[in-house]
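Asks: Have a look at this fold, sequence not included:
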């Protein structure tokens with residue numbers, strides 16, 4: 001492996017961590033398709049590296065969000081159960097599924113995520129008070145406006161079920177599940193976008209850890225890919241979580257939509273052998 005490829009992998013980890021932490025997606029959503037489609041890394045090795053880096057990304061990024069009080073710890077614990085169970089299933093699928101099929105699935109997940117965000121261009125308005133049978137009410141200090149924002153998560157049972165999709169995609173694709181998790185928390189459960197991003201960043205680490213252990217046991221981890229990616233993750237995660245609290249929500253959403261459209265189209269095209277960014 002050339003020094004230029006190693007540097008490119010590290011830079012990809014840096015960008016993936018920065019953008020992933022800003023939008024609560026763990027970094028793998030960006031890093032895995034770039035490694036596989038742009039840099040030519042074996043997809044299974046990219047998925048394994050993505051899962052390991054998501055763990056590190058989550059530890060780095062969520063520490064900032066925890067200090068700022070944006071993570072809803074109770075909600076995270078409730079949703080994590082179904083997410084982790086599904087992640088185990090998804091990781092086992094990676095071992096046996098054809099690589100091109102994984103690329104198409106990955107691309108479609110990214111495209112569907114964009115569709116969900118476009119249909120809710122401003123996000124769902126949160127509910128400040130009302131019935132709270134699960135005791136999940138939370139609040140945080142607004143980073144861009146004075147005052148404290150209170151919210152009560154809605155449709156918790158539906159959220160638990162739908163988050164199993166986040167776990168499945170995390171296990172299959174090494175992305176931590178935030179690409180599915182954030183839209184579910186925001187659009188279905190009415191959690192404010194910033195709180196959904198922070199809570200997802202906290203959750204994706206454990207989800208990815210389960211997948212990473214299975215990948216490691218199956219011999220899918222390539223140190224030549226994973227180590228430089230982790231080096232980039234360390235710097236990028238701190239940057240993303242710090243900048244993510246200051247950048248306007250609409251800007252974050254637009255950045256996310258543009259990047260996911262490009263990467264989703266590239267993964268689907270490469271999976272069908274139609275075209276590639278390489």
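Replies: Cool, got the structure. Remember, it's a predicted structure, so these values are computed and weren't measured experimentally. Numbering: from 1, shown residues only.
Asks: Any stretches of the stretch 101-250 of the chain with poor pLDDT?
Replies: Low-confidence segments of the stretch 101-250 of the chain (pLDDT under 70): 116-117, 120-124, 143-146, 176, 241, 244-245, 249.
Asks: for it, what spans make up the helices?
Replies: 156-173, 178-183, 193-217, 223-244, 249-271 (DSSP state H, counting those that start in this stretch).
Asks: can you state the direction angle for the first one and helix 193-217?
Replies: Here the directions of helix 156-173 and helix 193-217 differ by 40 degrees (axes from the mean of the first three to the mean of the last three C-alpha atoms, to 10 degrees).
Asks: Mind giving me the packing neighbours of helix 156-173?
Replies: helix 43-67, helix 73-96, helix 99-119, helix 178-183, helix 193-217 (3 or more C-beta pairs under 8 Å, 6 or more residues apart in numbering; DSSP states H and E). In this view, the C-beta of every residue, glycine as well, is placed from N, C-alpha and C.
Asks: and if you look at the second one?
Replies: In terms of contacts (3+ C-beta pairs under 8 Å, 6+ apart), helix 178-183 is packed against helix 3-23, helix 99-119, helix 156-173, helix 193-217.
Asks: Output those helices as a markdown table; include the columns distance to residue 58.
Replies: Listed next are the helices and strands packed on helix 178-183 as a markdown table, based on distance: least, C-beta to C-beta, whole Å:
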| stretch | distance to residue 58 |
| --- | --- |
| helix 3-23 | 9 |
| helix 99-119 | 19 |
| helix 156-173 | 11 |
| helix 193-217 | 3 |
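Asks: how about the closest residue to residue 267 other than its chain neighbours, what does it touch?
Replies: Excluding the flanking residues, the one nearest residue 267 by C-beta to C-beta, 6 or more residues apart in numbering is residue 107, at 3.2 Å. By C-beta atoms under 8 Å, 6 or more residues apart in numbering, the residues touching residue 107 are 33, 263-271.
Asks: Can you pick out the most distant pair from the residues you listed?
Replies: 263 and 271 (12.3 Å; C-beta to C-beta).
Asks: picking that back up, could you say which of the helices and strands packed on helix 178-183 is packed most deeply?
Replies: Mean neighbour count (mean count of other C-beta atoms under 10 Å) peaks for helix 193-217 among these, with a mean of 26.
Asks: Good, wrapping up.
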